[in-house]
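Undergrad: Fold the following for me, if possible:
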Amino acid sequence: MHSLSRRLLLSIALPLALFSGVMIWVLDSGFRALSERSLEEQLDRQMVALIAAAEPQPDGSYAPAPQSLDTRLATPHSGLYAQIRSLHHEWRSPSMAGLTGGFGPLLKLGARSVSFASFGSRYRVAIESRAIQFADDPQEPQGFTFSVAVSLTPFEEQLSRFRQELIGWFVGLTVLLLAVLAALLRWVLAPVRRMEREIHEVEEGRSDTIGSGYPRELSGVAMNLNTLLAGERKRVARYRDTLGNLAHSLKTPLAVMRAVLPGSERSGTISTEIDRMTGIIEHQMNRAAASGGALIGQAPVDLATVGAELRAALLRVYGHKDLSLELDVAPASLFVGDRGDVTEMIGNLLDNACKWCRGRVRLTTRNDELAPVRQKLVVSVEDDGPGIAAEDRPRVLQRGVRADENVPGHGLGLAMVRDTVDLYGGRLEVDESPLGGARFSLHLPGR
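TA: Numbers count the residues shown, from 1 in each chain. So this is what the prediction gives:
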């Protein structure tokens, strides 16, 4: 129901099915009424023919001459049956041979009736009866009842065939109309699907803008989206330039303050606080710069290259440790966003792992096809260090908090990673690694 095409098809299919059902009922009723009138006319014709062919017999009864009989009345089980009877006499057509069943009671003079009955267990018939008195027949003052019966089997079969054909035609037409409508909707909504596809390509970094050539109703939307994309990229670039200038302006006064402080215990405390201020300023600037806008229209970043660069740098920094830094990067692991952001996030996690490990660190990447679009890429950093207690895991992601105050640092690295992940719409998880230490898992936009 979240598809516009399905909604349109369903909204048209229901009234169309209702209309088809009503038309089937109307046509079926009309055909049935026409068949009933045809049956009555056939009964009337046979009744007139029977009355015209009836001749008085020596015993006072009436019966048609054999040569005047309809051939069906002379053929057993032919589907046409007749009877002439009075209080004292009765004649039945030869077609009634071997059949049981009656034509109904005697009628009063001038009466006429139409009824339905069964001859045996298989033959359903329609019966018309009339009561007639001949003027030159004083022996039967109550007259004779003439009855004609016609088998209903041909009419029922004809009605059944008509219904089957009627339903088949309407079902076929309904399916054909819906198929044509689906094709028309696919053609009409093709520009919408194209726009959806191009927006997805922009999100994944395969394209920078939405294409042109859209219909008049969508051309304005495409143009406004392109304007929004261009403005977003300019805004991110302007933020980065402005914050870079701010960082450059603040670092110089802080360096001067640190240089002019006398070498006393008190000055050492002030120097520590200056370092803390420097770290906080860098954290806030990096947080504002990684605004998440870099996700739109950016070329994807190959994590294999980023991992190799970080591995080489960290092995030099931690050359004093017997360190093994393993890379298990899945082929074509691509991050959709800014290269500097993903380098900073993975670099902070690897640096933290190298700092705490006993001698082994592992970087792993994989793609989760079932995850949302902004969390398809999973990057895990593990170590064989002491790990992080379950109750401390939420706390170490807070700004300025360190698991061990004896280890150098400002407690900003993990907080910066968490903030950047949040701005990209991703997720950061902390749990225990199979290596024995901590494992940090980043769920980021990727493909």
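
Undergrad: Just the element for the nearest residue to Pro66 once chain neighbours are set aside, please.
TA: Excluding the flanking residues, the one nearest Pro66 by CB to CB, 6 or more residues apart in numbering is Ala74, at 7.5 Å. In short, each C-beta sits where N, CA and C put it, glycine included. Secondary-structure assignment from DSSP states H and E places Ala74 in no helical or strand segment.

Undergrad: ok, now Ala237?
TA: Assigned by DSSP H and E, Ala237 falls in helix 216-260.

Undergrad: Return the distance of that helix from the chain's centre.
TA: 41 Å (CA atoms, centre = their mean, to the nearest Å).

Undergrad: packing partners for it?
TA: In terms of contacts (3 or more CB pairs under 8 Å, 6 or more residues apart in numbering; DSSP states H and E), helix 216-260 is packed against helix 190-203, helix 265-289.

Undergrad: quick check: angle from the first one to helix 216-260?
TA: Meaning helix 190-203. Here the directions of helix 190-203 and helix 216-260 differ by 10 degrees (axes from the mean of the first three to the mean of the last three CA atoms, to 10 degrees).

Undergrad: counting contacts, what elements does helix 190-203 pack onto?
TA: helix 216-260.

Undergrad: now do 10 Å
TA: helix 4-53, helix 216-260 (3 or more CB pairs under 10 Å, 6 or more residues apart in numbering; DSSP states H and E).

Undergrad: could you dump those to JSON lines with mean pLDDT, mean neighbour count and distance to Gln133?
TA: Output for the helices and strands packed on helix 190-203, formatted as JSON lines (pLDDT from 0 to 100; neighbours: other CB atoms under 10 Å; distance: least, CB to CB, whole Å):
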{"stretch": "helix 4-53", "mean pLDDT": "89", "mean neighbour count": "14", "distance to Gln133": "12"}
{"stretch": "helix 216-260", "mean pLDDT": "76", "mean neighbour count": "13", "distance to Gln133": "84"}
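
Undergrad: quick one: which of the ones you listed is nearest Ala389?
TA: Nearest to Ala389, of all those, is helix 216-260, at 35.2 Å by CB to CB.

Undergrad: ok so, going back, looking at the helices and strands packed on helix 216-260, which has the lowest confidence?
TA: When the helices and strands packed on helix 216-260 are ranked by mean pLDDT, helix 265-289 comes last with a mean of 64.

Undergrad: distance between the very next helix or strand once past it and the chain's centre?
TA: Scanning forward in sequence from helix 265-289 by DSSP H and E, the next helix or strand is strand 301-302. How far strand 301-302 lies from its chain's middle: 34 Å, per CA atoms, centre = their mean.

Undergrad: Tell me which other helices or strands the host helix or strand of Leu310 touches.
TA: Assigned by DSSP H and E, Leu310 belongs to helix 303-317. If you count contacts as 3+ CB pairs under 10 Å, 6+ apart, helix 303-317 packs onto strand 324-328, strand 334-335, helix 339-356, strand 360-367, strand 377-383.

Undergrad: Make TSV out of those and add mean pLDDT, mean neighbour count and distance to Ile270.
TA: Formatted as TSV, these follow (pLDDT from 0 to 100; neighbours: other CB under 10 Å; distance: least, CB to CB, whole Å):
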stretch	mean pLDDT	mean neighbour count	distance to Ile270
strand 324-328	91	14	37
strand 334-335	88	24	41
helix 339-356	89	21	26
strand 360-367	92	20	36
strand 377-383	93	24	35
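
Undergrad: Tell me which residues touch the closest residue in space to Arg362 that isn't next to it in sequence, please.
TA: Excluding the flanking residues, the one nearest Arg362 by CB to CB, 6+ apart is Glu326, at 4.3 Å. Taking CB atoms under 10 Å, 6 or more residues apart in numbering, we find Glu326 in contact with 311, 360-364, 382, 435.
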